[in-house]
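K.L.:
The following block contains a protein sequence and its predicted model.
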Amino acid sequence: GDTLTDVKPLMRIMRYVDESNGNNKLVVDTTANLYLYDVGTKTFGPIALPGPFTGDNTQFFNYTNWQYLTSLPSKIYMTNNKDPVTVWDGTGGAATQPDIVTNAAATVKITTCLDVKIYKQRILFIRPTLTGTSQPENQTIWWSSINNGTAAAGTINAKADIAGNGGFLAAPTGDIIQSAEFIRDVLVVFFTHSTWIFRYTGIDSSPFRWDKINDSKSTNAPYGSIAYDDRCTAVGGTGLIACGGANVERYDLPIVDYYETKMSEQYYGQTFAQRYDNLNQSWMLYVSTDTPFPVGSLAAPGADSALIYNFIEQSFATYKFTIPLTCLGIFYNQTGTTWADLTQSWEDTDKPWNSFSNQKTAPILLAGGIDGKVWLMDDANAVKDGTNSIDIDVVSTRWNPIMQAGQKAQFGWIDIYYWVASVDPANPISVTLNFYADNSNNIACSRSLTLDGPLETTSLQMAVGTGVSTYTGTLALVGGVKMAPLSVEVTCTTSTG
């Protein structure tokens, strides 16, 4: 991966979106600086700040894009719950930190906040901290006046004591806001021990209201929530939860104890999640209880593991890292793969030339590291963990079909179906199958399996022609077994050879 010049932990991978033309720019935060990716040189250059960021590696950034007036550039708003809300307009100039004024006298301002969202043409400042205190307003969302991004001389108007100029609303609970995600036109807000809806009312004098939908599910990871089309998910001390707007339930029942046994309770806050539609997956970085990286001089260790959820198949996988990671983000391929890029012969090439991930503008999954590196996580051309091959460990659900009746099952045999991916006799793919019984973690039976075939390479005559241009024929039986080939090579031979 490319390395940032300050070599500090990455705290967010962001996309600046120019809403006037849809163009994207890759912007990243570290604990101290802001960087812009140069597509031409393939390097990151600094964006000037009013002053360095002062957060540590537990204080990630949230961000949002907004072009509140078509006559002005689009802006990206970012916050790390420590430093002032920072704004950049994508023009190549310096970023700014506007005053966010909450009263007519301009004596009280929002100094920072947990998150920023755009809702009904207003900026929402979620769990803000105000002038004169270090204590955030843990149950409160403030909002700006309509279409006011930085209206006058670097000021955002959120004046609650002037009608129509902004306001705030606190949820009637002692729980603390942890994260927020949109489902369609409502904002789902996850608190420490409850879940609420922040909803638009359409009334100018009181444009929003709180509705509670659950008070038994907890959330402990401010950066572990993900928005889907019909629900959003979060991570808490009672498991992985999903909210569809009407109720909250766990979606991790196939791995019901995973969050208790594998994820470090001390470092729940380091959990960072990202949806990745290319593979129908959601990636969740976390600090494990098994092999966490050392903390060293940092406030928390980097993530050593990922829990990967396939939201189409409703299945889970895990990934162990050899490097400590911090955050994830989505960007887009800036160039596509062409025939000129295929340097190997057609027979020897190991690149999937028609892969969607190799196309220009295809989404790519990026990760940030503790050491200031930006990593490409899903390289279609090289299935490697850095320079190392990836060893997989697949865990199935329980196979006993009569377990609910309290009965044991015995299998006479197990058929394993696979696709032969390596035809190199010196380097076949092999797997070890471990079987467990009676809910024990001890291996009851172990078998090794080499995925080396046999391969069906039989040639057969499919059709006989009579000299005309059209030939017809069907696949015949080979050894009494009907073929289901992955590919068929057709060779035409004339009567003269």
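P.N.:
Great, that's in hand.

K.L.:
what's the average pLDDT for stretch 123-137?
P.N.:
Per-residue pLDDT over stretch 123-137 has a mean of 95.

K.L.:
Show me which residues of that stretch are buried.
P.N.:
123-130, 136-137 (16 or more other Cβ atoms under 10 Å). Where you see a C-beta, it was placed from the backbone N, CA and C, and this is true even at glycine.

K.L.:
Greatest separation within the residues you listed: which pair is it?
P.N.:
I123 and P136 (17.1 Å; Cβ to Cβ).

K.L.:
still on that earlier bit, what would the buried residues of stretch 123-137 look like in TSV with secondary structure and distance to D99?
P.N.:
TSV is the format used below for those (DSSP: H, G, I helix; E, B strand; the rest coil; distance: Cβ to Cβ, whole Å):
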residue	secondary structure	distance to D99
I123	strand	13
L124	strand	17
F125	strand	13
I126	strand	18
R127	strand	19
P128	strand	13
T129	strand	14
L130	strand	12
P136	coil	18
E137	coil	18
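
K.L.:
any chance of those in JSON lines, plus distance to G245?
P.N.:
Formatted as JSON lines, the buried residues of stretch 123-137 follow (distance: Cβ to Cβ, whole Å):
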{"residue": "I123", "distance to G245": "23"}
{"residue": "L124", "distance to G245": "18"}
{"residue": "F125", "distance to G245": "23"}
{"residue": "I126", "distance to G245": "18"}
{"residue": "R127", "distance to G245": "21"}
{"residue": "P128", "distance to G245": "25"}
{"residue": "T129", "distance to G245": "29"}
{"residue": "L130", "distance to G245": "30"}
{"residue": "P136", "distance to G245": "26"}
{"residue": "E137", "distance to G245": "25"}
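
K.L.:
out of the residues you listed, who's nearest D161?
P.N.:
So of the buried residues of stretch 123-137, ranked by how close each gets to D161 (Cβ to Cβ), first place is L130, at 13.5 Å.

K.L.:
Quick check: that closest one vs G22, distance?
P.N.:
36 Å (Cβ to Cβ, to the nearest Å).

K.L.:
The stretch 301-450 of the chain: strands as residue ranges?
P.N.:
Secondary structure of the stretch 301-450 of the chain, counting by DSSP state E, counting those that start in this stretch: strands at 303-310, 315-332, 363-369, 373-376, 429-436, 443-451.

K.L.:
So for S282, which of these sits nearest?
P.N.:
Closest among the strands of the stretch 301-450 of the chain, using Cβ to Cβ: strand 303-310, at 4.6 Å.

K.L.:
Pull the closest one out as PDB, backbone CA atoms only.
P.N.:
Listed next in PDB are the C-alpha coordinates belonging to strand 303-310 (Å, rounded to 0.1, in the frame of the first residue of the first chain):
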ATOM      1  CA  ALA A 303      -7.500  -4.400  14.600                       C
ATOM      2  CA  ASP A 304      -6.100  -7.900  14.000                       C
ATOM      3  CA  SER A 305      -9.200  -9.600  12.700                       C
ATOM      4  CA  ALA A 306     -12.300  -9.000  10.500                       C
ATOM      5  CA  LEU A 307     -15.700 -10.600  10.700                       C
ATOM      6  CA  ILE A 308     -17.200 -10.700   7.200                       C
ATOM      7  CA  TYR A 309     -20.900 -11.000   6.700                       C
ATOM      8  CA  ASN A 310     -22.500 -12.000   3.400                       C
END
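
K.L.:
Measure how it sits relative to strand 315-332, angle-wise.
P.N.:
When axes from the mean of the first three to the mean of the last three Cα atoms, to 10 degrees is applied, the directions of strand 303-310 and strand 315-332 differ by 100 degrees.

K.L.:
now what about strand 303-310, what contacts it?
P.N.:
Outside strand 303-310, the residues that touch it by Cβ atoms under 8 Å, 6 or more residues apart in numbering are 258, 262-263, 270-272, 279-288, 290-293, 315-321, 324-326.

K.L.:
Between strand 363-369 and that strand, find me the angle.
P.N.:
Using the same axes, to 10 degrees: strand 303-310 against strand 363-369 is 160 degrees.

K.L.:
Next one, pLDDT for S469 please.
P.N.:
In this model, S469 carries a pLDDT of 55.

K.L.:
counting contacts, what elements does the lowest-mean-pLDDT helix or strand in the chain pack onto?
P.N.:
Across the helices and strands of the chain, the lowest-confidence element by mean pLDDT, DSSP states H and E is strand 2-3, at a mean of 78. With contacts defined as 3 or more Cβ pairs under 8 Å, 6 or more residues apart in numbering; DSSP states H and E, the packing partners of strand 2-3 are strand 373-376.

K.L.:
does A242 sit in a helix or strand, and which one?
P.N.:
strand 239-243 (DSSP states H and E).

K.L.:
pLDDT averaged over that strand - what is it?
P.N.:
Here the average pLDDT along strand 239-243 is 95.

K.L.:
quick one: that strand to chain centroid distance?
P.N.:
Centroid separation between strand 239-243 and its chain, computed with Cα atoms, centre = their mean, to the nearest Å, is 16 Å.

K.L.:
Give the partner strands of that strand in its sheet and their orientations.
P.N.:
Paired strands of strand 239-243, with direction, are strand 232-236 (antiparallel), strand 248-250 (antiparallel) (DSSP bridges).

K.L.:
In this protein, where is pLDDT below threshold?
P.N.:
1, 149-153, 347-353, 381-390, 420-425, 454-497 (pLDDT under 70).

K.L.:
what about the helices in it?
P.N.:
258-261 (DSSP state H).

K.L.:
Name the nearest residue to G166, sequence neighbours excluded.
P.N.:
A158 (3.6 Å; Cβ to Cβ, 6 or more residues apart in numbering).

K.L.:
The one you found touches W142, doesn't it?
P.N.:
Yes. The pair A158 / W142 is scored as a contact, 5.3 Å apart, by Cβ atoms under 8 Å.

K.L.:
which residues do the two both contact?
P.N.:
102, 110, 125, 166-168.

K.L.:
partners of the least confident helix or strand of the chain, with directions?
P.N.:
Strand 2-3 is paired, per DSSP bridges, with strand 373-376 (antiparallel).

K.L.:
May I see the buried residues of the strand it pairs with?
P.N.:
Result for strand 373-376 [16+ other Cβ under 10 Å]: buried residues 373-375.

K.L.:
now swap in stretch 235-243 and tell me
P.N.:
So stretch 235-243, judged by 16+ other Cβ under 10 Å, has buried residues 235-243.

K.L.:
now do stretch 168-180
P.N.:
So for stretch 168-180, counting by 16+ other Cβ under 10 Å, buried means 168-169, 171, 173, 175-180.

K.L.:
chain center to that stretch: distance?
P.N.:
That offset, for stretch 168-180, works out to 25 Å (Cα atoms, centre = their mean).

K.L.:
Also stretch 201-218?
P.N.:
Offset of stretch 201-218 from its chain centre (Cα atoms, centre = their mean): 27 Å.

K.L.:
swap in stretch 79-94?
P.N.:
The answer for stretch 79-94 is 22 Å, by Cα atoms, centre = their mean.

K.L.:
For that stretch, what is the spacing between the initial and final residues?
P.N.:
16 Å (Cα to Cα, to the nearest Å).

K.L.:
and what of stretch 311-320?
P.N.:
20 Å.

K.L.:
Now do the contacts for the closest residue to F191 other than its chain neighbours.
P.N.:
Ranked by Cβ to Cβ, 6+ apart and with sequence neighbours excluded, the top spatial neighbour of F191 is D175, at 3.6 Å. Going by Cβ under 8 Å, 6+ apart, D175 touches 139, 191-194.

K.L.:
same thing but at 7 Å, please
P.N.:
191-194 (Cβ atoms under 7 Å, 6 or more residues apart in numbering).

K.L.:
before we move on, what about G55?
P.N.:
Shown in contact with G55 (Cβ under 7 Å, 6+ apart): 11, 31, 80, 82-83.

K.L.:
Sounds good, over and out.
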